[in-house]
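In: I'd like to go over a predicted model; first the sequence, then the structure.
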Amino acid sequence: MDIKAQTYKLIDDLKAVCHNYGMGNDGNEYKVITQIFLYKFLNDKFGYELKKKDPRIASAEKWETAYSELPEDDRLDLLDSLSPDIPRLYPEHLISTLWNQQAKGDFDLIFDSTMVDIADKNIDIFSTQTTKNTKIPLFEKLTNFVTDDAQRAPFARALIDKLVNFSFEDAFAESYDFFAGVFEYVIKDYNTNGGGVYAEYYTPHAIAVIMARLLVGDRKDLHNIECYDPAAGTGTLLMALAHQIGEDRCTIFAQDRSQKSNKMLKLNLILNGLVSSLDHAIQGDTLTDPFHMSDDGKSLRQFDYEVCNPPFNLDFSETRETLAAMPARFWAGIPNVPKKKKESMSIYTCFLQHVLNSMKPNGKAAIVLPTGFLTAKSSVEGKLLKHIVNERLVYGVISMPSNVFANTGTNVSVVFFDNSKSSDKVILIDASKLGEEYQEGNNKKVRLTPSEIDMIVDTFLHKKSVEDFSVAVSYEDIEAKKCSLAAGQYFDVKIEYVELTQEEFENKMSELTSNLQSYFDEGNALQKEIMEQLKKVKYEQA
């Protein structure tokens, strides 16, 4: 069994343990799975790095034993030699140590205290934070999620049993694509439309890759790049962007209100070698309380690249007036509170303004929006559409297939912005007819194939005009069509001309006339029948 299959089996085994102890579909199951998986990953990563540093550990039959038996001064020197993105684990923190203590009756307490101690000793590097600067530790107590006290120690033993016979060592040489797949597999049961209402909608990997490839292109000269997502969710868009730039050449900045998403984002950052960005992964409401500000704290921080898949509609009536009191940030306005269906408030318009405000002078951005925005005529949407066209900010749009984004029920498009305003034309792509259908559980979904992704990227980057698929349009032409960014409105109308002889023409006309007359006769007969039936209707007093 290869390392990918082994990793997926480990995930399945951990989920099975949770189900056996009453946490199947429980709201806390994702905390156990993400943290235990991360504990195992970091334990093995730690051992992998120790072997590089110390031949005594590298040659040992069991590296954990060799590490534990080192003189304390040697052990501390070894820890000091590790890079900051490697956790500092002590012998008592290792999985092998826990394994050897399983017979103890209070094993659940030993297990929980070990997790908490690892988090405490690594709080400076391996933590995220809230907008109020509260540190969110790497791990927390987990056995308390099992309701039955008597089952907590067996639960902890069952988890450790699944960890000891697996090693991540072969996975550390794998690439981004491997860990992207692993991450998707870890969270696939926890990050669906039913899992939350705010920025928890999962962005398909293919869409994330397209956005990253089109924003960055093939540039290899990028260094010290700052990337941002104000509705980061689990970080899929940011991970694809970081990989396209180079994980060692960029820093990730993120914010999201969801506690659940923040835990998953933390896992995603660590798996993808972006530990140094953990401190910039913020939990909190981006719109009311943006964390990433300029050095003087008076304006929003600006970034080189931004990506965003915001919630489209949401009831934010309680904070609407707070946002309305920030006209400098929300210059296009704030959606009104509808009398009915408050959940239909178009919150994406606020995120779009936030993204535009957060671009450096030469910054680029890509944001997922409902396709209806492309032809908006009034209200906040219409004002925003005119702004991005008139100011020459938008330089490309891709309308995606239906159902490519899980079950949103909304057709979506990705809109690209360039604050350098260097484009003379806008590339509009209608990819709505692409994709292959597949079944996921009870849901029928659509995914783009690798060849389709390549076609979209090539067409976009070279601004190709392809019949019924893409068109490159000037800003003047777009303004003439009331700023519409719908590709179909710019496609040439094709009229087919067929050469007919006079006899063929007369036969065709005779056939059409005969068919039309039959429709008239049928309609007249139906009209007569209806009138006759109406005459039979009589008033009857109760």
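Out: Ah, there it is.
In: which residues are contacting stretch 74-83?
Out: 49-50, 53-54, 67, 70, 88, 90 (Cβ atoms under 8 Å, 6 or more residues apart in numbering). Every residue, glycine included, has its C-beta placed from N, CA and C.
In: buried residues, it. List them.
Out: Under the neighbour-count criterion of 16 or more other Cβ atoms under 10 Å, stretch 74-83 has 75, 78-79, 82 buried.
In: over to stretch 464-483?
Out: 465, 469-473, 475, 478, 483.
In: then stretch 244-257?
Out: Buried residues in stretch 244-257 (16+ other Cβ under 10 Å): 244-245, 247, 250-257.
In: scan this structure for its longest helix.
Out: As assigned by DSSP state H, the longest helix anywhere in the chain is helix 502-535.
In: and it, how far out from the chain middle?
Out: 56 Å (Cα atoms, centre = their mean, to the nearest Å).
In: average model confidence for it?
Out: Averaged across helix 502-535, pLDDT comes to 81.
In: buried sites along the longest strand along the chain?
Out: For the chain, the strand with the greatest residue count under DSSP state E is strand 359-370. Residues 359, 363-370 are the ones in strand 359-370 that count as buried (16+ other Cβ under 10 Å).
In: again, but for stretch 166-174
Out: 166-168, 171.
In: contacts for it, please.
Out: 3, 6-7, 10, 40-41, 44-45, 47-48, 178-179, 182.
In: go on, stretch 234-246?
Out: With Cβ under 8 Å, 6+ apart, stretch 234-246 has contacts from 176, 180, 183, 187, 191, 200, 202-203, 205, 208-209, 211-213, 215-216, 222, 225, 227, 229, 232, 250, 252, 254, 261, 264-265, 268-269, 272, 274, 281, 305, 307-309.
In: pLDDT below threshold where in the stretch 401-542 of the chain?
Out: 406-409, 493-498, 540-542 (pLDDT under 70).
In: which residues of it fall in strands?
Out: 412-418, 425-430, 436-440, 443-447, 470-474 (DSSP state E, counting those that start in this stretch).
In: first-to-last residue distance for stretch 268-278?
Out: Stretch 268-278 has an end-to-end distance of 10 Å (criterion: Cα to Cα, to the nearest Å).
In: roughly how far is it from the heart of the chain?
Out: 16 Å.
In: give me the spatial nearest neighbour of Ile118, chain neighbours excluded.
Out: Once flanking residues are discounted, Ile118 sits nearest to His93: 5.1 Å by Cβ to Cβ, 6 or more residues apart in numbering.
In: now the helices for the stretch 251-400 of the chain?
Out: Counting by DSSP state H, counting those that start in this stretch, the segments of the stretch 251-400 of the chain that form helices are 259-271, 320-324, 348-357, 379-390.
In: mind putting the ones you listed into a markdown table with mean neighbour count, mean pLDDT and distance to Asp149?
Out: Below are the helices of the stretch 251-400 of the chain laid out as a markdown table (neighbours: other Cβ atoms under 10 Å; pLDDT from 0 to 100; distance: least, Cβ to Cβ, whole Å):
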| stretch | mean neighbour count | mean pLDDT | distance to Asp149 |
| --- | --- | --- | --- |
| helix 259-271 | 23 | 94 | 25 |
| helix 320-324 | 15 | 96 | 44 |
| helix 348-357 | 23 | 98 | 44 |
| helix 379-390 | 18 | 96 | 53 |
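In: including distance to Phe405, could the ones you listed go into a markdown table?
Out: Conversion of the helices of the stretch 251-400 of the chain to a markdown table gives the following (distance: least, Cβ to Cβ, whole Å):
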| stretch | distance to Phe405 |
| --- | --- |
| helix 259-271 | 16 |
| helix 320-324 | 25 |
| helix 348-357 | 13 |
| helix 379-390 | 19 |
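In: which helix or which strand is home to the most centrally placed residue in the chain?
Out: The C-alpha lying nearest the average C-alpha coordinate of the chain belongs to Thr203 (Cα atoms, centre = their mean; 3.6 Å). Using DSSP states H and E, Thr203 sits in no helix or strand.
In: does it really touch Gly233, like I thought?
Out: Yes: here Thr203 reaches Gly233: they are 7.1 Å apart, a contact under Cβ atoms under 8 Å.
In: any common contacting residues for these two?
Out: Joint contacts of Thr203 and Gly233 (Cβ under 8 Å, 6+ apart) are Asn309.
In: now the strands of the stretch 401-542 of the chain as TSV including distance to Lys162?
Out: TSV is the format used below for the strands of the stretch 401-542 of the chain (distance: least, Cβ to Cβ, whole Å):
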stretch	distance to Lys162
strand 412-418	38
strand 425-430	46
strand 436-440	26
strand 443-447	29
strand 470-474	49
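In: what's the closest of those to Leu374?
Out: strand 412-418 (6.0 Å; Cβ to Cβ).
In: helix 379-390 and the closest one, what's the angle between them?
Out: 50 degrees (axes from the mean of the first three to the mean of the last three Cα atoms, to 10 degrees).
In: now strand 412-418 against strand 425-430, angle please.
Out: Using the same axes, to 10 degrees, strand 412-418 lies at 170 degrees relative to strand 425-430.
In: strands paired with strand 412-418, and their directions?
Out: strand 359-370 (antiparallel), strand 394-399 (antiparallel) (DSSP bridges).
In: and the first one, how far out from the chain middle?
Out: Averaging C-alpha coordinates over strand 359-370 and over its chain gives two centres that are 16 Å apart (Cα atoms, centre = their mean).
In: kind regards, and thank you for your time.
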